[in-house]
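J.: curious how this folds, go ahead:
(chains A and B)
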Amino acid sequence: MKRHLISTGDLTRDDATLILDTAEEMARISQRSIKKLPTLRGRTVVNLFYEDSTRTRISFEAAAKRLSADVINFSARGSSVSKGESLKDTALTLEAMGADAVVIRHAASGAPHRLATWVRGSVVNAGDGTHEHPTQALLDAFSIRRRLGRIEGLKVAIVGDVLHSRVARSNVLLLHTLGAEVTLVAPPTLLPVAVETWPCQVSYDLDAVLPKSDVVMMLRVQLERMNAAYFPSAREYSRRYGLDRDRFARLHDDAVVMHPGPMNRGMEISAEVADSPRSTIVEQVTNGVTVRMAVLYLLLGGSEPAIGGAE
Amino acid sequence: MSDARNQVRAVLEGPDIHRALTRIAHEILERTRGAESVVLLGIPTRGATLAQRIAGRIAQFEGIKVPVGALDVTMYRDDLRLKPARPLGRTELPPDGVDGRTVVLVDDVLYSGRTVRAALDALNDVGRPKAVQLATLVDRGHRELPIRADYVGKNLPTSKSEKVKVFLQETDGRDAVVLIKEDGR
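T.: Below is the predicted model:
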């Protein structure tokens, strides 16, 4: 059966746990002097990036290479896309080259879903518009589990620009599946429509949520996606929804602070908080490679994928 | 194994396994001159358990603590593409590693030899042992590769249509090796 990783909503609790457990083994291997495994020899992974990305693309590339897959990097800039080639035609070209997996980042929500109907290989969503970014949520969950030892029963606050965030949606779905209690905290203008149907709580008051939280995940304010005024000024946003030293002091002692990066230091998170030992921001990058190794292994490491949703 | 159509026969019981492991421990001590630079690496899941037990025996007989660990070979297997992606086992190397040591690989059943080939590849990525030896609780024959065991608990002639299953207290609640004959063959 053909399976993909397009939404964390497609993952069962067993799937998600299998990915995290596999990532744990991958992390141990990543500490060896020889980090390469022969597992995906002869498989081809195409990184299809229609949007700029540094950490996600490099992370997928490193993950595929450590498993000995051949990696083809494709970025829209400097390709036939700039000559007007459609996603479908690009997909068919990749298909003709024999891609076993296509990792796609696209500005349009739903692009990976469409792509999955055109290619034979597995599709991995590396971020589509404001929809989802499943591997980011998986690496966040992995980072939480490594720091706090569990996910079940934890109180997680996801704070900030939920409206433009694909990370928020993927995290809400995944963390809910894994048994955490998620609260979204944002100004009303930065919450998506129908947020009440998501499996989480919603609050407008960061100060009320913080003392109860085990994990505080700060989202980047995506100014580049904002074509209207969603809040009066950066300063006001920062005062009401930014994680500064004073708010940080009100967290309980074991709570951790996360950010998917790239950060706007001084806006949603102060530099002091971002660099504190209770921030997982640097680990999140390291964990990104091991989690993506786990995902690629479970999708491509056998006769058929062990995880993911069918199309 | 509860399938009524299959014939199930216990080949080794608890005390037999106990004696076989005791003998293997003695043989390892003998052939490696006191197991001085030996590292025992079990192949998960049951090989890892057996490695622990052999290490326990060696400690009991000679009072030395042989480093013991586990080596998962899943990602080095040559039959990955024949089955859906499998969960990984745990690799646990002793703190001093395997460089310059005599590694004794431990597995429960030796059959085609492909697991051991994968283990040799995996070992290659974690260090450079001085020598590699192989211990197995059951050798059931039908090798497909030029691999043999140095220490064997029991040679068990089987036909390819039969299955050999090892049960161990730690993982299965009892010690036994059973031979399963599928009926109508």
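J.: and the longest helix for chain A?
T.: The helix that spans the most residues within chain A, counting by DSSP state H, is helix A:281-300.
J.: which elements pack onto that helix?
T.: helix A:13-29, helix A:55-66, strand A:101-106, strand A:122-128, helix A:134-148, strand A:256-258 (3 or more Cβ pairs under 8 Å, 6 or more residues apart in numbering or on different chains; DSSP states H and E). (Each C-beta comes from the backbone N, C-alpha and C, glycine too.)
J.: how about the CA coordinates for the third one, as CSV?
T.: Written as CSV, here are the backbone C-alpha positions of strand A:101-106 (Å, rounded to 0.1, in the frame of the first residue of the first chain):
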residue,chain,number,x,y,z
ALA,A,101,9.9,9.6,-1.9
VAL,A,102,9.2,13.2,-2.6
VAL,A,103,9.6,15.7,0.2
ILE,A,104,7.7,18.8,-0.7
ARG,A,105,7.4,22.3,0.7
HIS,A,106,4.9,24.5,-1.0
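J.: what angle separates it from strand A:122-128?
T.: 20 degrees (axes from the mean of the first three to the mean of the last three Cα atoms, to 10 degrees).
J.: apart from its chain neighbours, what residue comes closest to the residue in chain B positioned nearest to chain A?
T.: Using Cβ to the nearest Cβ, the closest approach of chain B to chain A is made by residue B:85 at 3.5 Å. Computed as Cβ to Cβ, 6 or more residues apart in numbering or on different chains, the closest residue to residue B:85 that is not its neighbour in sequence is residue A:302, at 3.5 Å.
J.: the one you found should be in a strand, yeah?
T.: No: in this structure, residue A:302 is coil, not part of a strand, as judged by DSSP: H, G, I helix; E, B strand; the rest coil.
J.: what is the burial count for it?
T.: 18 (other Cβ atoms under 10 Å in any protein chain shown).
J.: again, but for residue B:121
T.: Neighbour tally, residue B:121, other Cβ under 10 Å: 16.
J.: from residue A:100, how far off is the residue of the stretch 51-200 of chain A found nearest chain B?
T.: Closest contact between the stretch 51-200 of chain A and chain B, by Cβ to the nearest Cβ, is at residue A:67 (7.9 Å). Counting by Cβ to Cβ, to the nearest Å, the gap between residue A:67 and residue A:100 amounts to 11 Å.
J.: more neighbours, the two?
T.: residue A:67 (25 against 19).
J.: that one touches residue A:297, doesn't it?
T.: Yes: under the criterion of Cβ atoms under 8 Å, residue A:67 makes contact with residue A:297 at 6.2 Å.
J.: intersection of neighbour lists for these two?
T.: Shared contacts of residue A:67 and residue A:297 (Cβ atoms under 8 Å, 6 or more residues apart in numbering or on different chains): A:39, A:40, B:75.
J.: how many other residues sit next to the second one?
T.: A total of 26 residues lie near residue A:40 under the criterion other Cβ under 10 Å.
J.: what helix or strand is it on?
T.: Assigned by DSSP states H and E, residue A:40 falls within no helix or strand.
J.: that one and residue A:15, how far apart?
T.: Where residue A:15 is concerned, residue A:40 sits at a distance of 19 Å (Cβ to Cβ).
J.: swap in the last one?
T.: Computed as Cβ to Cβ, the residue B:75 to residue A:15 distance reads 19 Å.
J.: what do you get for residue A:176?
T.: The gap separating residue A:176 from residue A:15 is 14 Å, by Cβ to Cβ.
J.: these two: which is more packed in?
T.: More neighbours surround residue A:15 than the other of residue A:176 and residue A:15, with 20 against 17 (other Cβ under 10 Å).
J.: just the pLDDT for the closest residue to residue A:301 other than its chain neighbours.
T.: Nearest residue to residue A:301, sequence neighbours excluded (Cβ to Cβ, 6+ apart): residue B:85, at 4.1 Å. pLDDT recorded at residue B:85 is 91.
J.: picking up where we left off before, and the residue of chain B closest to chain A, how many neighbours?
T.: Neighbours around residue B:85, by other Cβ under 10 Å: 23.
J.: tell me which element the residue nearest to residue A:301 falls in.
T.: Residue B:85 is part of no helix or strand when elements are defined by DSSP H and E.
J.: give the contact list for it.
T.: A:297, A:298, A:299, A:300, A:301, A:302, A:304, A:305, A:306, A:307.
J.: quick check, nearest of those to residue B:59?
T.: Closest approach to residue B:59 among the contacts of residue B:85 (Cβ to Cβ): residue A:297, at 36.6 Å.
J.: ok, that closest one - contacts?
T.: With contact taken as Cβ under 8 Å, 6+ apart, residue A:297 is in contact with A:22, A:26, A:39, A:40, A:67, B:75, B:85.
J.: closest to residue A:200 out of those?
T.: For the contacts of residue A:297, the closest approach to residue A:200 (Cβ to Cβ) belongs to residue A:22, at 26.5 Å.
J.: report how many residues lie close to the residue nearest to that closest one when sequence neighbours are not counted.
T.: What sits nearest to residue A:22 in space, not counting adjacent residues and going by Cβ to Cβ, 6+ apart, is residue A:294, at 3.9 Å. Residues lying near residue A:294 (other Cβ under 10 Å) number 29.
J.: repeat for the one 5 residues further on
T.: Residue A:299 sits with 27 neighbouring residues when counted by other Cβ under 10 Å.
J.: check the offset of the helix or strand of chain A with the lowest mean pLDDT from the chain's centre.
T.: Here the helix or strand of chain A ranked lowest by mean pLDDT, DSSP states H and E is strand A:309-310, holding a mean of 74. Distance, stretch centre to chain centre, for strand A:309-310: 18 Å (Cα atoms, centre = their mean, to the nearest Å).
J.: and the gap between the residue nearest the centre of chain A and residue A:231?
T.: Nearest to the geometric centre of chain A sits residue A:136, at 1.7 Å (Cα atoms, centre = their mean). Counting by Cβ to Cβ, the gap from residue A:136 to residue A:231 is 24 Å.
J.: now swap in residue A:274 and tell me
T.: 21 Å.
J.: in stretch A:79-95, what counts as buried?
T.: A:81, A:87, A:90, A:91, A:94 (16 or more other Cβ atoms under 10 Å in any protein chain shown).
J.: ok, now which ones touch the closest residue to the first one other than its chain neighbours?
T.: Of all residues beyond its chain neighbours, the one nearest residue A:81 is residue A:90 (6.5 Å), with distances taken as Cβ to Cβ, 6+ apart. Applying Cβ under 8 Å, 6+ apart to residue A:90 gives the contacts A:48, A:74, A:79, A:80, A:81.
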